[in-house]
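In: Fold the following and give me the result.
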Amino acid sequence: MKRWDVVVVGEIYADHVFSGFQHWPAPGEEVHTDHYLRELGGGTVNTACGLARLQRRVRLVGLIGEADREWFKSRLKSFGLSADGLRCSPLDTGVTVSVSTAQDRSFYTYPGANRRLTELLDDPGTRSELIAARHVHFAMPLAADLARRLFPLLHKAGCTTSLDVGFSPDWLQDPDNHWTCRAVDYFFPNQAEARLLSGDESAEAFRDWAQSVGLRHAVIKLGAAGAAAIVRNDLLRVPPPPVHAVDMTGAGDAFDAGFIDGVLNGESIEHCLQRACICGALCTTRIGALEGLPDLFSLRSTYEQIYGP
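Out: The predicted structure follows:
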């Protein structure tokens, strides 16, 4: 019996979220909004909280500044998550400013303590936490040499794995990372990230690239169009449920949580995509990345409304 269903490890941020803008400002222009939120952030936190909402046993692993520990501890507790897996760094907690409209979002980021993640993941104590999970999700651009040290250990321990590197152009355009893409069980780029890999944002171009590289399970997040996965050399597409979207922040991370939840249930790729698209869509109905994360009841009821019992 594994101690945790999932260990989610990677970059952690304090998010400053500005939303509700009607348009993007031109250079030198100022726009105003009444919607601002300070929140825990980063794909690591968002996906971990999403999985905890779905009643998974989750271990969150990452680095924050000492000054923020009590804030993280209190906020994570509201999702049923412990902060015990977070290590304090002499560097400040990373910071991300998110600016979004109903259609899209942009980010401005200071890495902070996340610069020491490789050191953390090379620590024997951290590695013992990773292998104690059924599934390990990396929400970070995992360095190629670190991946080659970690994945054999995780596979030997019977862990399934997934990876969402976020918008990391240097990582995505470096052929040295193709080994990592092959080693991971599930790889989750969005369209902008897929374009850096394949030269085009289309699902077809991503499929061709993934097949040429030899990925195990290739999934592309298509925003308002849902998602697609390569199944037996063909594209399996799943649309999202209709929702009133108010903030796109964290939708991709919620998608990851829904997909991983399906993997842990032993679902087919199609059912994993369906669950993922529901989680991603429902996340957009509230401001910020965390408040819209669905619980298990919301996921199941939305699933039954769309696909039947």
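In: got the CA positions of stretch 218-235 in PDB?
Out: Output of stretch 218-235 as PDB, limited to C-alpha atoms (Å, rounded to 0.1, in the frame of the first residue of the first chain):
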ATOM      1  CA  ALA A 218       0.500  12.500 -25.700                       C
ATOM      2  CA  VAL A 219      -2.200  14.900 -24.600                       C
ATOM      3  CA  ILE A 220      -2.700  18.400 -25.900                       C
ATOM      4  CA  LYS A 221      -4.900  21.000 -24.100                       C
ATOM      5  CA  LEU A 222      -6.900  23.000 -26.600                       C
ATOM      6  CA  GLY A 223      -8.500  25.700 -24.400                       C
ATOM      7  CA  ALA A 224     -12.100  26.400 -25.300                       C
ATOM      8  CA  ALA A 225     -12.000  23.500 -27.800                       C
ATOM      9  CA  GLY A 226     -11.300  20.900 -25.100                       C
ATOM     10  CA  ALA A 227      -8.400  18.500 -25.500                       C
ATOM     11  CA  ALA A 228      -7.100  15.700 -27.700                       C
ATOM     12  CA  ALA A 229      -4.900  12.600 -27.100                       C
ATOM     13  CA  ILE A 230      -3.100  10.300 -29.500                       C
ATOM     14  CA  VAL A 231      -4.700   6.800 -29.400                       C
ATOM     15  CA  ARG A 232      -3.500   4.200 -31.800                       C
ATOM     16  CA  ASN A 233      -2.000   6.800 -34.100                       C
ATOM     17  CA  ASP A 234      -5.200   8.800 -34.300                       C
ATOM     18  CA  LEU A 235      -6.500  11.900 -32.500                       C
END
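In: list the contacts for A205?
Out: Each residue near A205 by CB atoms under 8 Å, 6 or more residues apart in numbering is listed here: A194, S198, G199. Just so you know, the C-beta spots here come from the backbone N, C-alpha and C atoms, and that holds for glycine as well.
In: quick one, phi/psi of A83?
Out: phi -90, psi 10 (degrees, to the nearest 10).
In: Can you tell me the closest non-neighbouring residue to it?
Out: Excluding the flanking residues, the one nearest A83 by CB to CB, 6 or more residues apart in numbering is K73, at 4.2 Å.
In: Burial check on R59, number of neighbours?
Out: Per other CB atoms under 10 Å, the neighbour tally for R59 reads 21.
In: how close does it sit to A132?
Out: Remark: distance between R59 and A132 (CB to CB, to the nearest Å) = 8 Å.
In: Low-confidence stretches in the stretch 51-200 of the chain?
Out: Nowhere does the stretch 51-200 of the chain drop to pLDDT under 70.
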